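Engineer: turn this into a model:
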Amino acid sequence: MKKLSYATLKEQGYNGYLLESAPERVLQFGEGNFLRAFVDYFIDMANEKCGFNSKVVLCQPIAPGLSKMINEQEGLYTLYLRGFENGQKVNDKRIISAVSRCINPYEDYAALLECAHNPDLRYLASNTTEAGIAYDPACKFDDEPPASFPGKLTRFLYERFETFGAEKGKGFVILSCELIDNNGQELKKCVHQYIDQWGLSEEFSKWVDEENLFCSTLVDRIVTGYPRAEAAALNEENGYEDNLLDTGEVFGFWVIEGPDWLAEELPFKKAGLPVLVTADHTPYKKRKVRILNGAHTSMVLAAYLAGQDIVRNCMQDEVIKGFMDATVYEEIIPTLTLPKDELESFAHAVGERFNNPFIDHALLSIALNSTSKWKARCLPSLKGYVEKFGKLPRRLAFSLAAYIAFYTNNVQRLEADALICKRGDQEYAVKDDRPVLEFYFAHKDDAPADLAKAVLSNEAFWGEDLTKIEGLEAAVAESLAAVREKGMAEVLKEMK
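Structural biologist: Numbers count the residues shown, from 1 in each chain. Predicted structure coming up:
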């Protein structure tokens, strides 16, 4: 079977959209599954729908990577976006032709710096994982390349500045997609740390600030990556070998914080794509964290103890789905500031995403580090509800009890990286920070009231004493007692 290439597609008589050549206007740090199913997909669509006419040159940010494989396939790969959309099952296939090539800077650093000489280059995109935006003082200006992503970026920006000087319009729009708060501004801070450390000129520092736009962004799409179990069958069906097959959910949403002119320059809206350029991305970040992530964290621990294992099956369980919907629509949405119809539309899409027939999303994988997740995703909604209505949101309060129950359900032993508990005859591993695991192991035999008090008053967990929220300690203790007496499945029926 021939490898995917432009020649292979021509031999097959492929009549879908392909962009064989165009200026390299985007440099992307990161060549993994997510960016190829998200940023590169949107650029490919903009190329087709409104003549964006842009190729993306990829740069692998760490030494092991996909550059060889990407270049062997001339940047081409097949993307499957699958799930529910407006109540309909969707399974879309698209060959992405937006990528020109991939640079491995650890083998050819000069090729990366040469991109800075390209006058057409306008956009820089990145997703180098949450740990990627970090200042590493060990990086030196003349490293080939600097180890950290911000170090590479600073050196690249300096090459651009040396090539074009202070010429207007030769800076970049920098689109940071890493999953940290204010990702664009955090990246900019790191760049300035390297400017200071490396003793680069004041003129360069000024150019970085005045000619480059560091955009914080919110990215939202579950990308499931290379479909190992299906790959052989898909290649057979397609008639070519594609070692870069990529899969993700059909839902996607990209919020870019930037000025009005950027919305005109980037043609995503014109192309009808779910990309929003706004002066403030934080309400959308809050919407995602509170509704999507909050729905996960408030539901999955109780659902697991009630006997479920994957998210999709929870959406087909009337009791669990009813609990999640009531939590989202009655207790989370009322605490948010975006228009109610926008929030409810997003919540409806979340329900469809959770019911995706192509994704087996394990509850135990979502349960990882649930202490910090409950604090970030659920506690703000609980406090916001109390502040707005002067009473407890009973389902969010129950989700706190469910979290505690998950961590203390028939505890068997404490291992190096997990607390081992038992659901029926099945052991499960509670994964969290070591101090959290040790705390729960020490309190595993507490009575419900004592356990509720110990957990809620643990300021190391929550950054505050939650027993000071009127009625919360008593509500959690009561729910813990009920779960121990009746079992989670029975108590959930009462919480619907």
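Engineer: low pLDDT regions in the stretch 101-250 of the chain?
Structural biologist: Across the stretch 101-250 of the chain, nothing is flagged by pLDDT under 70.
Engineer: need the helices for it, in chain order.
Structural biologist: Taking DSSP state H, counting those that start in this stretch as the test, the helices found in the stretch 101-250 of the chain are 109-115, 149-164, 183-197, 202-211, 231-238.
Engineer: for the stretch 301-450 of the chain, same thing?
Structural biologist: 311-315, 318-326, 340-354, 363-366, 370-377, 379-389, 394-408, 434-442, 448-456.
Engineer: tell me which of those sits most buried.
Structural biologist: helix 394-408 (a mean of 25; mean count of other C-beta atoms under 10 Å). For the C-beta atoms, the positions are set from N, CA and C on the backbone; glycine is no exception.
Engineer: can you list the helices of the stretch 101-250 of the chain in JSON lines and add mean neighbour count?
Structural biologist: Below are the helices of the stretch 101-250 of the chain laid out as JSON lines (neighbours: other C-beta atoms under 10 Å):
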{"stretch": "helix 109-115", "mean neighbour count": "16"}
{"stretch": "helix 149-164", "mean neighbour count": "22"}
{"stretch": "helix 183-197", "mean neighbour count": "19"}
{"stretch": "helix 202-211", "mean neighbour count": "15"}
{"stretch": "helix 231-238", "mean neighbour count": "14"}
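Engineer: adding distance to Phe406, write those out as a markdown table.
Structural biologist: Shown next, in a markdown table, are the helices of the stretch 101-250 of the chain (distance: least, C-beta to C-beta, whole Å):
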| stretch | distance to Phe406 |
| --- | --- |
| helix 109-115 | 46 |
| helix 149-164 | 36 |
| helix 183-197 | 31 |
| helix 202-211 | 47 |
| helix 231-238 | 35 |
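Engineer: and of the ones you listed, who's closest to Leu379?
Structural biologist: Across the helices of the stretch 101-250 of the chain, Leu379 has its closest neighbour in helix 183-197 (22.7 Å, C-beta to C-beta).
Engineer: next, the angle helix 149-164 makes with the closest one.
Structural biologist: 70 degrees (axes from the mean of the first three to the mean of the last three C-alpha atoms, to 10 degrees).
Engineer: which strands or helices does helix 183-197 pack on?
Structural biologist: helix 149-164, strand 173-176, helix 202-211, strand 213-220 (3 or more C-beta pairs under 8 Å, 6 or more residues apart in numbering; DSSP states H and E).
Engineer: switch the helices of the stretch 301-450 of the chain over to TSV; also include distance to Gly258.
Structural biologist: What follows is the helices of the stretch 301-450 of the chain, written out as TSV (distance: least, C-beta to C-beta, whole Å):
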stretch	distance to Gly258
helix 311-315	33
helix 318-326	34
helix 340-354	20
helix 363-366	32
helix 370-377	25
helix 379-389	26
helix 394-408	34
helix 434-442	38
helix 448-456	41
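Engineer: residues in a beta bridge with Met215, which ones?
Structural biologist: Check again: residue 215 is Cys, not Met. When assigned by DSSP bridges, Cys215 has beta-bridge partners Leu175.
Engineer: that one against Glu257, yeah?
Structural biologist: Yes. Between Cys215 and Glu257 there is a contact at 5.5 Å, judged by C-beta atoms under 8 Å.
Engineer: identify the contacts common to those two.
Structural biologist: Gly184 (C-beta atoms under 8 Å, 6 or more residues apart in numbering).
Engineer: contact partners for Ala347?
Structural biologist: Ile291, Ala295, Val328, Tyr329, Ile333 are the contacts of Ala347 under C-beta under 8 Å, 6+ apart.
Engineer: apply 10 Å and report the result again.
Structural biologist: With contact taken as C-beta atoms under 10 Å, 6 or more residues apart in numbering, Ala347 is in contact with Arg287, Ile291, Leu292, Ala295, Met324, Asp325, Val328, Tyr329, Ile332, Ile333.
Engineer: show me which of these is closest to Asp40.
Structural biologist: Lowest distance from Asp40 to the contacts of Ala347 (C-beta to C-beta) belongs to Leu292, with 23.0 Å.
Engineer: next one: that closest one from Phe346, what distance?
Structural biologist: Taking C-beta to C-beta, to the nearest Å as the measure, Leu292 falls 8 Å from Phe346.
Engineer: got any residues that touch both of the two?
Structural biologist: Asp220, Phe251, Val328.
Engineer: quick one: which of the residues you listed has the most company?
Structural biologist: Most neighbours among those, by other C-beta atoms under 10 Å: Val328, with 26 neighbours.
Engineer: can you pull the contacts of that one?
Structural biologist: Per C-beta under 10 Å, 6+ apart, neighbours of Val328: 290-292, 294-295, 298-299, 343-344, 346-348, 350-351, 381, 395.
Engineer: would you mind measuring from it to Tyr407?
Structural biologist: If you measure Val328 against Tyr407 using C-beta to C-beta, the figure is 23 Å.
Engineer: Asn293 against Cys378, yeah?
Structural biologist: Yes. Applying C-beta atoms under 10 Å, one finds Asn293 in contact with Cys378, separated by 8.8 Å.
Engineer: out of the two, which sits in the busier spot?
Structural biologist: Ranked by neighbour count (other C-beta under 10 Å), Asn293 and Cys378 place Cys378 first, with 28 against 16.
Engineer: who touches that one in this structure?
Structural biologist: 289-290, 293-298, 327, 331-332, 370, 393, 396-397, 399-400, 403.
Engineer: just the pLDDT at Ala474, thanks.
Structural biologist: On pLDDT, Ala474 comes in at 98.
Engineer: ok, how many other residues are close to it?
Structural biologist: 15.
Engineer: likewise Lys55?
Structural biologist: 21.
Engineer: excluding its backbone neighbours, what's nearest it?
Structural biologist: Nearest residue to Lys55, sequence neighbours excluded (C-beta to C-beta, 6 or more residues apart in numbering): Ser100, at 3.9 Å.
Engineer: can I see the domain layout of the chain?
Structural biologist: 6-279, 283-495 (automatic domain parsing).
Engineer: thought Val208 was touching Asp196?
Structural biologist: No. Contact criterion C-beta under 10 Å: Val208 and Asp196 do not qualify, at 11.8 Å.
Engineer: related to what we said a few turns ago, turn the helices of the stretch 301-450 of the chain into CSV, including mean pLDDT.
Structural biologist: Converted to CSV, the helices of the stretch 301-450 of the chain look like this (pLDDT from 0 to 100):
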stretch, mean pLDDT
helix 311-315, 97
helix 318-326, 98
helix 340-354, 96
helix 363-366, 96
helix 370-377, 96
helix 379-389, 98
helix 394-408, 98
helix 434-442, 97
helix 448-456, 98
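Engineer: closest to Gln426 out of the ones you listed?
Structural biologist: Here helix 363-366 is closest among the helices of the stretch 301-450 of the chain (C-beta to C-beta), at 10.7 Å.
Engineer: tell me the helices and strands packed up against that closest one.
Structural biologist: helix 294-305, helix 311-315, strand 426-430 (3 or more C-beta pairs under 10 Å, 6 or more residues apart in numbering; DSSP states H and E).
Engineer: next one: it to chain centre, how far?
Structural biologist: Helix 363-366 sits 15 Å away from the centroid of its parent chain (C-alpha atoms, centre = their mean, to the nearest Å).
Engineer: in whichever strand or helix holds Glu264, what counts as buried?
Structural biologist: Element membership for Glu264, per DSSP states H and E: helix 260-265. Neighbour counts over helix 260-265 (16 or more other C-beta atoms under 10 Å) mark Leu262, Ala263 as buried.
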